[in-house]
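Q: Using only what follows, build the 3D model:
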Amino acid sequence: MHLDVQDLKTFYYRTRLGRAAQRVIRDRVVAHWGDTKGHTVVGFGFAVPVLRPFLKSARRVIGLMPAPQGVMAWPAGLQNVSVLCEDALWPLPTGMVDRLVMLHGLETSENPSALLDEVTRVLGPGGRALVVVPNRAGLWARSDQTPFGYGRPYSLGQLEAQLKRHGFRAESHEVALFQPPSHRPFWLKTGAFCERVGHRLSNRYAGGVLIVDAVKEGAPVSGTPVRDAMPDPLRVLEGIGQPARAGVSASILPARTTNPAKGIMVRRAAF
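A: Coordinates of the predicted model:
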C-alpha cells in the first residue's frame with residue numbers, strides 16, 4: 001500500500017534524517033546517470049527529491065505519483081511537472097522514456113508485476129531503470145520511523161529475478177544509507193562517516209536501500225522458424241521410372257523366360 005504524499009513530503013523536506021537520506025540517494029542516482037543531456041527523465045512513486053539535478057540538463061523531467069499516494073506540485077517555484085497516475089496506466093507514449101527512477105513505488109505497489117510491465121512499455125530501446133527499494137538485510141526496512149519501513153523489502157536476488165522476468169538485465173547494483181534510521185543528533189552528525197565506511201565494507205549488506213541499475217533488453221525472437229533452404233521440388237519425382245515393391249530389392253525381381261511347350265513368355269516366381 002502506498003504511503004500518503006504528505007507523510008513523504010514531511011519526511012524528506014522537514015526532517016534532518018529525511019534530508020540526509022535524500023542527499024545520499026540523489027548522489028548515487030547522479031553517479032549512475034551523469035549525463036542526461038537530451039534525455040527524457042521520469043520518476044515514479046515519490047522520486048522527485050532525487051530528480052532536481054536533472055532539471056537543467058535533461059530534455060524533459062516528469063514526476064509520476066500513484067493515485068493511492070496522492071500528488072503534490074513540483075518543483076517549487078517552477079512550472080509543475082508532477083502528474084497523478086495509476087500504477088499500471090501512465091499518461092506517457094510507448095518508448096518515450098530514456099531514464100526512469102523508482103523510489104517508494106515498487107515495494108508499495110499492490111501489483112508490482114503490472115507496474116514493471118508499464119515500465120517496460122514506456123522505456124525506449126536501451127532505456128535504463130534505476131530501482132530503489134528497501135534492503136531486506138538492512139536496518140531501515142525494520143524501522144517504521146522512515147518510509148523504507150513500509151511495503152515489501154527485497155533481497156538482491158529477488159529484485160534481479162523480478163526485473164529479469166520483465167525484460168530487464170541488471171547491469172550493476174549497490175547499497176546505500178548505512179547510517180542508522182535514527183533521529184538522534186549523534187547519528188545524524190556521523191551519517192557521512194557511516195556512508196564512507198559502509199561503501200568500503202559491503203556492496204550488498206547492511207545498507208538501508210538496494211539500488212539496481214537495469215537496462216531494457218530487446219524483445220525475444222518469437223514465431224515459427226523458417227529454413228533458409230527449401231528442398232528441390234524436382235527430387236520428389238525421383239524413382240518413378242523404376243518402381244519397386246517395398247522391401248524387395250531390384251536384383252531379385254522376377255525374370256522373363258520362354259515356355260518351350262507353348263512358346264509364350266512367362267515370369268518365374270522369385271520366391
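Q: I'd assumed residue 3 was in contact with residue 69.
A: Yes. The pair residue 69 and residue 3 qualifies as a contact (Cβ atoms under 8 Å) at a distance of 6.3 Å. The way it works is simple: take the backbone N, C-alpha and C, and place the C-beta from them, glycine included.
Q: where do the helices sit along this structure?
A: All helices of the chain, identified by DSSP state H, fall at 5-14, 16-32, 112-122, 156-165, 185-189, 191-201.
Q: Point out where the chain drops to low pLDDT.
A: 202-205, 218-271 (pLDDT under 70).
Q: circling back to that earlier point, give me the more crowded residue out of residue 69 and residue 3.
A: Ranked by neighbour count (other Cβ atoms under 10 Å), residue 69 and residue 3 place residue 69 first, with 22 against 19.
Q: one step back: what sits in contact with each of residue 69 and residue 3?
A: Taking Cβ atoms under 8 Å, 6 or more residues apart in numbering as the contact rule, residue 69 and residue 3 both touch 46, 104, 108.
Q: Now residue 183: closest residue in space, sequence neighbours ignored.
A: Excluding the flanking residues, the one nearest residue 183 by Cβ to Cβ, 6 or more residues apart in numbering is residue 17, at 5.3 Å.
Q: contacting residues around that neighbour?
A: Residue 17 touches 11, 145-146, 181-183, 188, counting by Cβ under 8 Å, 6+ apart.
Q: Write the PyMOL selection for whichever of the residues you listed are buried.
A: Filtering the contacts of residue 17 down to the buried ones (16 or more other Cβ atoms under 10 Å) takes a single PyMOL command:
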select buried, resi 11+146+181+188
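Q: out of the helices of the chain, which comes closest to residue 172?
A: For the helices of the chain, the distance to residue 172 is smallest for helix 16-32, at 7.7 Å, taking Cβ to Cβ.
Q: And the strands in the stretch 51-200 of the chain, which stretches?
A: 60-66, 82-85, 97-103, 123-134, 168-176 (DSSP state E, counting those that start in this stretch).
Q: Could you identify which of those is most buried?
A: Highest mean neighbour count of the strands of the stretch 51-200 of the chain: strand 97-103, a mean of 25 (counted as mean count of other Cβ atoms under 10 Å).
Q: Give me the residues contacting that strand.
A: Counting by Cβ under 8 Å, 6+ apart, 25, 29, 33, 36, 39-47, 49-51, 54, 58, 119, 122-124, 127-133 sit against strand 97-103.
Q: dump the residue contacts of the residue most central in space within the chain.
A: For the chain, the residue nearest the mean C-alpha position is residue 168 (3.2 Å; Cα atoms, centre = their mean). Residues in contact with residue 168, defined by Cβ under 8 Å, 6+ apart, are 116, 120, 129, 214-217.
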